[in-house]
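Asker: Here is the input, now give the coordinates:
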Amino acid sequence: MKEKKNPVVFAGAGPGDPDLITVKSMNALKMADLIIYAGSLVPKAVLCWKGRDTEIKSSADMDLEKIIDTIKTYHAEGKKIVRLHTGDPSLYGAIFEQMRELEKIQIPYEVIPGVTAAFAAASKMNMEYTLPEVTQTLILTRVSGRTPVPESEDLEKLASHQSSMAIYLSIGHADKVQRILEKHYGSESLCAVAYKVSHPEEKIVYTKIKRLVKACEDNHITRHALIIVGKSVEASINSNSILKSKLYDSTFSHGYRSAEK
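Answerer: Residues are numbered from 1 along each chain as shown. The predicted model follows:
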């Protein structure tokens, strides 16, 4: 087995803002000899953290074989390699297949998490996905398209829970998403379209579900956006009816505080 030196680092770039990358990923970029970044999604601004002599390659025009061959070549030379993915690598990052290929040729690797767009969007919207006695579940999903989803995870079934939901990679099917959300959340309910969150072009569009498609058209949003739905969206605009948590309730005792009498 090859010496386990310089493992390939799969790093999360975060949602786009260079300051939202983790310190660990930032340090990996600074120390890298080669960064292979997802050029169609990771903004070059994030590469500001690379070292002076670090080589960069976009994987936008690479297939899996080309990516692995490039890693293999540089690793054989003892180089430090960072595979930079948008958001968090574990979410729609297609890293699993890359890791399996590296295992076949005995190249070690590690993964550094990152901030995914759903959480960057929540911070911009001043929103909490989990509200006491209102919603305690967040679903991260996508609609079935060129990449199908399992039947058991069809958006129609997930939407029936009426939980907080962030829908990725689905703006191109906004008409289908609108029909499903209208059925389960109500056509008058509020949803949000979060476009390029934390990028300079960032835009958060609030709209009633019945106007979702029209809102995307009016704002020229055709990709790089999340659809966020659930009572937490409404609460971020009007919080008057939301219950307070027990955590900071003066009448609620827990292991670190006694209730007031």
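Asker: for Thr222, what are its contacts?
Answerer: Shown in contact with Thr222 (CB atoms under 8 Å, 6 or more residues apart in numbering): 171-172, 216. Quick note: C-beta positions are derived from backbone N, CA and C, even for glycine.
Asker: pLDDT score for it?
Answerer: pLDDT recorded at Thr222 is 96.
Asker: So it belongs to a helix, correct?
Answerer: No. Under DSSP: H, G, I helix; E, B strand; the rest coil, Thr222 sits outside any helix and is assigned coil.
Asker: Look up how far Val193 lies from it.
Answerer: 11 Å (CB to CB, to the nearest Å).
Asker: Overlap of the contact sets of these two?
Answerer: Common contact partners of Thr222 and Val193 (CB under 8 Å, 6+ apart): 171, 216.
Asker: Okay, strands next: where are they in the stretch 101-250 of the chain?
Answerer: In the stretch 101-250 of the chain, the strands defined using DSSP state E, counting those that start in this stretch lie at 109-112, 138-142, 164-168, 190-195, 203-208, 225-229.
Asker: out of those, which comes closest to Pro7?
Answerer: Among those, strand 109-112 comes nearest to Pro7, with 5.1 Å by CB to CB.
Asker: Okay, now the sheet partners of the closest one, with direction.
Answerer: Using DSSP bridges, the strands paired with strand 109-112 are strand 8-12 (parallel).
Asker: chain center to the strand it pairs with, what's the gap?
Answerer: For strand 8-12, the separation from the chain centroid amounts to 15 Å (computed by CA atoms, centre = their mean, to the nearest Å).
Asker: got the buried residues for the next helix or strand after it?
Answerer: Next helix or strand after strand 8-12 toward the C-terminus (DSSP states H and E): helix 23-31. Residues of helix 23-31 classed as buried by neighbour count (16 or more other CB atoms under 10 Å): 25-26, 28-29.
Asker: Domain parsing of this protein, as residue ranges.
Answerer: If you go by automatic domain parsing, the domain ranges for the chain are 8-112, 117-237.
Asker: which stretch of helix or strand covers the closest residue in space to Ile107 that isn't next to it in sequence?
Answerer: Closest residue to Ile107 apart from its sequence neighbours, by CB to CB, 6 or more residues apart in numbering: His75 at 5.4 Å. Using DSSP H and E, His75 sits in helix 64-76.
Asker: Taking strand 8-12 as reference, get the angle to that helix.
Answerer: Here helix 64-76 runs at an angle of 120 degrees relative to strand 8-12 (axes from the mean of the first three to the mean of the last three CA atoms, to 10 degrees).
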